[in-house]
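Chemist: sequence first, predicted coordinates after that:
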Amino acid sequence: MNSATKVTAPPKLSRPVLKCLGALARFYDDEFGFVSFATIAAEADMPRIAVRRTVRFLARRGLAEYGKGLWTRDGEPAGSGYRCTRAGLAAAQELGCGL
């Protein structure tokens with residue numbers, strides 16, 4: 001096998017990444033699904049500061065996305081938050097992130 005066809009194992013993801021990805025995936029919704037760091041922290045049982053860093057890491061990898069100027073279904077301002085992307089949901093299902 002030459003180097004052009006060499007297959008490598010996927011990188012290992014840390015426990016905080018898996019916990020945050022799982023938390024975001026549990027809130028997945030095609031129409032909305034955005035949640036705050038505080039909500040993710042409670043769901044993942046992690047400190048908010050760790051969630052902030054981890055969710056931004058997921059967003060840089062295309063597994064989460066940021067939204068601002070959000071409104072609830074009841075028409076109340078909701079501020080900003082993150083949600084799982086379809087790629088993030090697929091990854092969470094593949095990795096078994098507590099779904």
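Modeler: The structure has been received and is ready for your questions.
Chemist: could you grab the helix/strand/coil label for the residue positioned nearest the centre of the chain?
Modeler: Geometric centre of the chain, nearest residue: residue 21, 3.9 Å, by CA atoms, centre = their mean. With DSSP: H, G, I helix; E, B strand; the rest coil as the basis, residue 21 sits in helix.
Chemist: roughly how far does it sit from residue 72?
Modeler: 24 Å (CB to CB, to the nearest Å). Every C-beta, even on glycine, is put in place using the N, C-alpha and C of the backbone.
Chemist: could you pull out the helices for the protein?
Modeler: 15-26, 37-44, 48-60, 86-95 (DSSP state H).
Chemist: what's the angle between the last one and helix 48-60?
Modeler: Note on geometry: by axes from the mean of the first three to the mean of the last three CA atoms, to 10 degrees, helix 86-95 and helix 48-60 are set 110 degrees apart in direction.
Chemist: low-confidence ranges in this structure?
Modeler: Across the chain, the ranges flagged by pLDDT under 70 are 1-11, 98-99.
Chemist: fine by me, we can end here.
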